[in-house]
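> When you get a sec, could you give me coordinates for this:
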Amino acid sequence: MTVPTTSLQKACRLLRALSDARNTRLTDLAVAAGVDKASALRLLDTLAAEGFIARDADTKAFSLGPEWLALRAASVRRIDPRASVRPALIRLAHAFEDTAMLSVPSGWESVCLELRPGTFPIRANYLDVGSRRPLGVGAGSLALLAALPDAEVEATLQCIAPALKRYPRINAALLLREVEATRARGYAVLLDVVVERMGGIAIALPDPDGYPLGAISIAALNERISEREPALARALRREAETVCAAWTPPAPNSTAARRRGGAMARTSPARKTPRTSTAITDLQPET
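Numbers count the residues shown, from 1 in each chain. Sure, this is the predicted structure:
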């Protein structure tokens, strides 16, 4: 038995099609959504009137509107990264035997949200879950700071200036240099700055728009970071890609999207957390 397609379902398909940047014309949207052009135009006009889409007066191109962006921002704020990041922290702590952590931004501070201790006898991390530090103080915190837009970096440095007095080796000028170095290499490294003989290496976890939702890091003795930096960086990057892929819905026309759509049609509508394909053996440090 064929279930009739409702107008609401058609509108949802049009919105889903519009999430693909290639679909801006009426014809492209109608084809991608499987809706005839007349119905598509009527529904798009209604969505535009409600603020969910916008249409350029000159080019007639459609784009997502402010109401859609507001809903999306609200959904991103509800992301709890811990469930997605825990497997990565477990693999990293197992592979490198040092503490792996998840930090998230909170105002101009970073908060340790999750950690997995390693088996190395000397623990080079003095943070616990719930510990706070100014952005830039520590590798994970530095990764978060470096992932912010320039204007926010500047504003943050002004806000944390009084708090930096607790860290004699850190000042705004040093953090600016470290922000540039972090952006250049793609990950943060901070050694012998916050605590003597201790350091960390970290990478930011951006949301689909590139704004940092968190950072994963490994804390260790300085020499354990510097001697294994390439292997640590590769492992962090792989894990970050896996975590961020779980947060980002696939493009509507991608193979993953078609598979997901087929699976949802065959099973219940509940979303499943994508299973990571990174094996622990892939994270073993080089010798």
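> got the residue ranges for the helices in the stretch 101-250 of the chain?
139-146, 150-160, 172-185, 222-226, 229-247 (DSSP state H, counting those that start in this stretch).
> deepest of the ones you listed, which one?
Each of those was scored by mean neighbour count; the highest is helix 139-146, a mean of 30, by mean count of other CB atoms under 10 Å. C-beta here means a position set from N, CA and C on the backbone, and glycine is covered the same way.
> Other residues contacting that one?
Contacts with helix 139-146, where a contact means CB atoms under 8 Å, 6 or more residues apart in numbering, come from 101-105, 110, 112, 133-136, 153, 156, 175, 178-179, 182-183, 187-190, 199-204, 212, 214-219.
> Could you list the low-pLDDT ranges of the stretch 1-150 of the chain?
1-4, 69, 72-79, 124-126 (pLDDT under 70).
> same thing but 80
Across the stretch 1-150 of the chain, the stretches falling below the confidence threshold (pLDDT under 80) are 1-5, 19-22, 67-80, 121-127.
> Point me to the residue sitting closest to the centre of the chain.
For the chain, the residue lying nearest the average C-alpha position, counting by CA atoms, centre = their mean, turns out to be Pro206 (2.7 Å).
> do you know how far that one is from Ser110?
The gap separating Pro206 from Ser110 is 15 Å, by CB to CB, to the nearest Å.
> returning to what we had before: looking at it, the residue nearest to the centre of the chain is touching Pro212, isn't it?
Yes - using CB atoms under 8 Å, Pro206 and Pro212 qualify as a contacting pair, with a distance of 5.6 Å.
> Spit out the residues that contact these two alike.
The overlap between the contact sets of Pro206 and Pro212 (CB under 8 Å, 6+ apart) consists of Ala147.
> next one: phi and psi at the nearest residue to Gly34 once chain neighbours are set aside?
With CB to CB, 6 or more residues apart in numbering as the criterion, Gly34 has its nearest non-adjacent residue at 6.4 Å, and that residue is Arg13. Its backbone dihedrals place Arg13 at phi -60, psi -40, with angles given as degrees, to the nearest 10.
> quick thing: my sequence starts at 55, can you match it?
In the new numbering, first residue 55, that becomes Arg67.
> what's near enough to touch Arg67?
86-89.
> In helices only, show me those.
Helix and strand membership here follows DSSP state H; of those, those in helices are 86-87.
> Closest one of the contacts of Arg67 to Ala289?
Nearest to Ala289, judged by CB to CB, of the contacts of Arg67 is Ala86 at 37.9 Å.
> What is the neighbour count of the closest one?
19 (other CB atoms under 10 Å).
> neighbours of the nearest residue to it once chain neighbours are set aside, just the number please.
Closest residue in space to Ala86, ignoring its immediate chain neighbours: Ala71 at 3.7 Å, by CB to CB, 6+ apart. Neighbours of Ala71 under the rule other CB under 10 Å: 22.
> Could you name the specific helix or strand carrying Ala71?
Following DSSP states H and E, the helix or strand that holds Ala71 is helix 61-72.
> Now that helix: buried residues?
64-65, 67-72 (16 or more other CB atoms under 10 Å).
> And for stretch 101-109?
101, 106-109.
> Put the alpha carbons of it into CSV.
Output in CSV follows, covering the C-alpha atoms of stretch 101-109 (Å, rounded to 0.1, in the frame of the first residue of the first chain):
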residue,chain,number,x,y,z
LEU,A,101,8.5,28.6,4.0
ALA,A,102,9.9,32.0,2.9
ALA,A,103,6.9,33.8,4.5
GLU,A,104,7.7,32.0,7.8
GLY,A,105,11.4,32.9,7.6
PHE,A,106,12.7,29.3,7.1
ILE,A,107,14.1,30.1,3.7
ALA,A,108,15.1,33.2,1.8
ARG,A,109,15.1,34.1,-1.9
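> Need the contact partners of it.
Applying CB under 8 Å, 6+ apart, the set of residues contacting stretch 101-109 from outside is 65, 68-69, 72, 98, 115-122.
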